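Trainee: curious how this folds, go ahead:
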Amino acid sequence: MASDMGQIAELLDATLDPVKHKKAENQLKLEEKKPQFSLQLLKIVATESFEQKIRLAGALCFKNFIRHNYVVFQLRSILLRVFINGSLTQDEDRNYKLPLEEVNTIKQELIGLMIACPPTIQTQLGEAISIIADSDFWDRWDTLVQDLVSRFTPDNYKINNGVLEVAHSIFVRWRPLYRSDALYAEINHVLGTFAVPFLTLLSATDQQIDANQNNKDILKGYFDTMSLLIKVFYDLSSQDMPPQFESNLEHISTLLHKYLVYENPILATDDDSEAGIIENVKADICEALELYVHKYDDDFGPYTQVFISKVWNLLSTTGPETKYDNLVSKALHFLTAIAGTTQHSAAFNDENVLSQVVEKVVLPNVALRESDIELFEDEPIEFIRRDLEGSDTDSRRRAATDFLRQLQRKFEQLVTSVTGRYINHYLEQGKSNWKDKDTAISLFLSIAAKGAVTASHGVKTVNELLNVVDFFQQHVANDLVGDAGVEPISKVDAIKYLYTFRSQLTKEQWQAAFQPLIQNLGSSSYVVYTYAAIAVERLLYLADDSGARIFGRADIEPFAKDLLDHLFKLVEKESSPAKMQENEFLMRCIMRVLIVMNTGILSFDDMVINHLVSITNVIKANPSNPRFYYYHFEALGAVVSCGSPTGTSKLEDRLWEPLNLIITEDVNEFMPYVFQLFAKLLELNPSGALPNHYQALVPPLMATQYIVTENQVQPILGIFQGLLRGKKTEQNAFDLLESVVSSIPRASLEPYFKSILELLFTKLQSNPSDSFKLRFVRFYHLISAKPEAGLGADFFVSQVDLVQNNLFTQIYLTIILPTSGQLVRPVDRKAAVISFAKSMGDSSAFAQRYVKGWRFTCEAMLNMLMNPPKVTMGTGDEVINEADVDDIGFGLGFTPLNTCKKAARDDFPEVQDIQPWVRQYLMDANIRHNGAIAGYMDRLTDEGKQALAMYVS
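Mentor: This is a model prediction of the structure:
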């Protein structure tokens, strides 16, 4: 039965009610399964008699429905189809999940509907179009561009804005992509139809703006069009300059210049915090100018000088109001790009010019404004997110700092000298005015740092003309340790200074600064105690070149309990779920302290667990901050991973109820984390019986759509095939494959092995990533090192011959041998040495068929034995050192917990000392084969014979 539009509309309305939303969402999931659900949603969006909120909810629901139901390659669908069919076809990930008729109707109706809708709804439909385009554009939707172009009009901005919104939602995808033949084919397809009408519309919009100078509403509409046109101009230029633009560059530059200096008070906004459309257009132009300076300066160079002077004037005359922040930031980015070019930067190599730069451009934009102080006091978490180095949020101060640093890279001594005079002046003024001191510190931070300011280590390289430690001791340290008369922002400046230059301080210097830093966690100022938590967490993360922590467990153990208790209380000051999750920096600090302390928390683990469980019970009602709850579950993982002196039963008893409630209440955001914690608890007690708690989880996990209890190999390998095709899941594919070959007898595996190799070889032919090659080589060594299990090098060679005779030689020489030396983990290097040794000692293929291959194998093994791999048991200190949590992408999908990850699997734990093992194995093999191994040494060079002699004789 088809979906009912009225009923769906009622459910959409109910999802907006905090009391009814959960039940309504579950009912909508049932409606999704009915025919033509997507089309009913589009009808709701198109029906003007419905309230705006219902139409918007319908658009949002449609977007999410398309994201999950437009094409295949959802893991659950793969599992089900594998169970039915046993395998996946090569194009499975682009097969439609919806009926083809419904797909075609969506494409036919969606563009026109989006154009006719209000802007808020257009945004949601535009994202849905972008999702469809990811799958279908352009080869399965080759009429789209012509459809868009056909809708352009010379004098209807409403229609044009809708068309341009659609175009931008599709073309903006090109901006971050790497160059490829497929990408350029798509761009050329678009340009062939779109570029000339686009330029025509650009001119027509310019004419309409001139014709409607005094008509505010119409003028605003055409300025919206101009803003979209410039965004699309950027999209179309993001990979290469379109030839149609290159031949019209003078006209385009004239038009950009016109609107960069354009003024019309009729469009000015009265609100100092709300940017007007003119400011937005100018910001768009500055962003496009920056792109052209970076990528196309040879062609754009003749037009650049006039833009430099106009942007300079714009920055010199623009006020400090927040409505101009985005424009000022984009203008500064443009000047930063100019300063980075050889052709244009020379103009700044003058003391007087640099003095003007600092005085008129840098100083006004690094100095504190009243709006910054208001933000500090009224929205502290927003202040922190904007202020942090590496923040996604742009700001005037960061843009001005980047500009000055770019000039410093070119003219270090001159910039240091000129800026230094202003720093000294503001330090002197700062003795009586704390705001001036803040300006001085900001200027110093700008020129003291060289290179990127990294989230993991702060500044790694400093300006050699400055002494960052002396500056701290003379001008900043008193604000860190003092209380009376010290402004909260001055304290934040002191903490931020330590945070920024944390890699430049020695352990002794940090020991002197650490206690004052900890004391600032007790500040009554939200920003001060949060910045202190940020600095403490980053210090505990900091490691030297050998990977050893600068501050370890011994440094914090005396006060770790009190520190954690205080941090938990800061988090739990707020009682509502959303407010409790607001400050992810506090939870991140809790996580880091627990990781560093490791088993040191066992004496007070009850206190830690009580706090974490209490927080879990609050935030599960409304998971609103993915970073906060990620750090929260990493903290739980750290507690679980260090175990319990009385076994895991205590942890299981304490955590089962709150974690199981997450499952029973269907808190989707938390579910992946919960199962990782359960898995870790089970992993810590592998020999015991399955605890009663977990018995209830077995039936749903063993349902037929997930695991097939009979004839398992084929469906499991079908899952492997599906995972292998995605770059994000190819590592999971190898995890699954290695588990299969380690667990399943050769007789069950052999019928499928040729197909496995075909899939792997196909991937190897298509420019695979280094990580894929490393995993393939690891897989080879796992097979090659197990001849006693019926596998081994000879089995692998025989299976490759089934794919293509003599293909093994090419794979071995170009992939396996060179990549084996790149293996890093000791367990992988050990497996490679064992594989090589067994190939030399017992493989008939290497003994007879690949005579040179035996020599190459021996040389590779000897090279690895020069630095023999040593596998050691982890102590826990290595957790979350190898990859910072900021590198993880957050979303509704699976996010792994580093604290719960499985330790590197050692497939050969019986081999502890690899060199004696190799010697014993080859000597035994030599005896088994009547001295043949010693005879093969003639294949080696004299140097090779000498090196191998210690292992054979």
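Trainee: what segments of the stretch 751-900 of the chain are helices?
Mentor: Listed in chain order, the helices of the stretch 751-900 of the chain (DSSP state H, counting those that start in this stretch) span 770-784, 792-803, 807-811, 817-820, 826-842, 844, 851-865.
Trainee: so which of these is the most surrounded?
Mentor: Sort those by mean neighbour count, taking mean count of other C-beta atoms under 10 Å, and helix 826-842 sits at the top with a mean of 24. C-beta: built from backbone N, CA, C; applies to glycine.
Trainee: tilt between that helix and helix 770-784?
Mentor: 40 degrees (axes from the mean of the first three to the mean of the last three C-alpha atoms, to 10 degrees).
Trainee: for helix 826-842, list the C-alpha coordinates in CSV.
Mentor: Output in CSV follows, covering the C-alpha atoms of helix 826-842 (Å, rounded to 0.1, in the frame of the first residue of the first chain):
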residue,chain,number,x,y,z
PRO,A,826,57.1,-5.7,14.3
VAL,A,827,54.4,-8.4,14.0
ASP,A,828,54.1,-7.8,10.3
ARG,A,829,57.9,-7.7,9.8
LYS,A,830,58.2,-11.0,11.8
ALA,A,831,55.5,-12.6,9.6
ALA,A,832,57.4,-11.5,6.5
VAL,A,833,60.7,-13.0,7.7
ILE,A,834,58.9,-16.3,8.6
SER,A,835,57.3,-16.3,5.1
PHE,A,836,60.6,-15.7,3.4
ALA,A,837,62.4,-18.4,5.4
LYS,A,838,59.7,-21.0,4.7
SER,A,839,59.7,-20.2,1.0
MET,A,840,63.5,-20.7,1.0
GLY,A,841,63.3,-23.9,3.0
ASP,A,842,60.3,-25.7,1.8
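Trainee: please report how far residue 839 lies from residue 816.
Mentor: The gap separating residue 839 from residue 816 is 10 Å, by C-beta to C-beta, to the nearest Å.
Trainee: spatially nearest residue to residue 61 (excluding sequence neighbours)?
Mentor: Closest residue to residue 61 apart from its sequence neighbours, by C-beta to C-beta, 6 or more residues apart in numbering: residue 41 at 5.7 Å.
Trainee: in the protein, which helix or strand is least confident?
Mentor: None of the helices or strands of the chain scores lower by mean pLDDT, DSSP states H and E than helix 75-85, at a mean of 36.
Trainee: in the lengthiest helix in the chain, what counts as buried?
Mentor: Longest helix in the chain, counting residues (DSSP state H): helix 181-211. Neighbour-count burial for helix 181-211 flags 186-187, 189-191, 193-195, 198-199, 201-202, 204-206, 208-209 (criterion: 16 or more other C-beta atoms under 10 Å).
Trainee: average pLDDT across it?
Mentor: Here helix 181-211 scores 96 as its mean pLDDT.
Trainee: return the list of helices and strands in contact with it.
Mentor: Counting contacts by 3 or more C-beta pairs under 8 Å, 6 or more residues apart in numbering; DSSP states H and E, helix 181-211 is packed against helix 144-150, helix 157-171, helix 216-237, helix 243-246, helix 249-260.
Trainee: which stretches of the stretch 351-500 of the chain form helices?
Mentor: Along the stretch 351-500 of the chain, counting by DSSP H, counting those that start in this stretch, helices occupy 351-356, 363-366, 370-378, 380-387, 396-410, 412-429, 434-448, 468-471, 477-481, 488-500.
Trainee: nearest to residue 935, of the ones you listed?
Mentor: Proximity to residue 935 (C-beta to C-beta) singles out helix 396-410 among the helices of the stretch 351-500 of the chain, at 62.7 Å.
Trainee: the closest one to helix 370-378, inter-axis angle?
Mentor: Using the same axes, to 10 degrees, the direction of helix 396-410 lies 120 degrees away from that of helix 370-378.
Trainee: going forward, the N-terminal residue is numbered 24.
Mentor: Yes, from this point I'll number from 24; that puts the last item at helix 419-433.
Trainee: could you dump helix 419-433 to PDB, C-alpha only?
Mentor: Written as PDB, here are the backbone C-alpha positions of helix 419-433 (Å, rounded to 0.1, in the frame of the first residue of the first chain):
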ATOM      1  CA  ARG A 419      40.000  38.700  11.700                       C
ATOM      2  CA  ARG A 420      42.800  38.000  14.200                       C
ATOM      3  CA  ARG A 421      43.700  34.700  12.600                       C
ATOM      4  CA  ALA A 422      43.600  36.200   9.000                       C
ATOM      5  CA  ALA A 423      45.700  39.100  10.100                       C
ATOM      6  CA  THR A 424      48.200  36.800  11.800                       C
ATOM      7  CA  ASP A 425      48.400  34.600   8.600                       C
ATOM      8  CA  PHE A 426      49.100  37.700   6.500                       C
ATOM      9  CA  LEU A 427      51.900  38.800   8.800                       C
ATOM     10  CA  ARG A 428      53.400  35.300   8.900                       C
ATOM     11  CA  GLN A 429      53.400  35.100   5.200                       C
ATOM     12  CA  LEU A 430      55.300  38.400   5.000                       C
ATOM     13  CA  GLN A 431      57.700  37.100   7.600                       C
ATOM     14  CA  ARG A 432      58.500  34.000   5.500                       C
ATOM     15  CA  LYS A 433      59.600  36.300   2.700                       C
END
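Trainee: show me the contact partners of that helix.
Mentor: Residues outside helix 419-433 that contact it (C-beta atoms under 8 Å, 6 or more residues apart in numbering): 348, 351-353, 355-356, 358-359, 362-363, 368, 371-372, 377, 380-381, 384-385, 388-389, 410, 412, 414, 438-439, 442, 465-466, 468-470, 472-473, 486.
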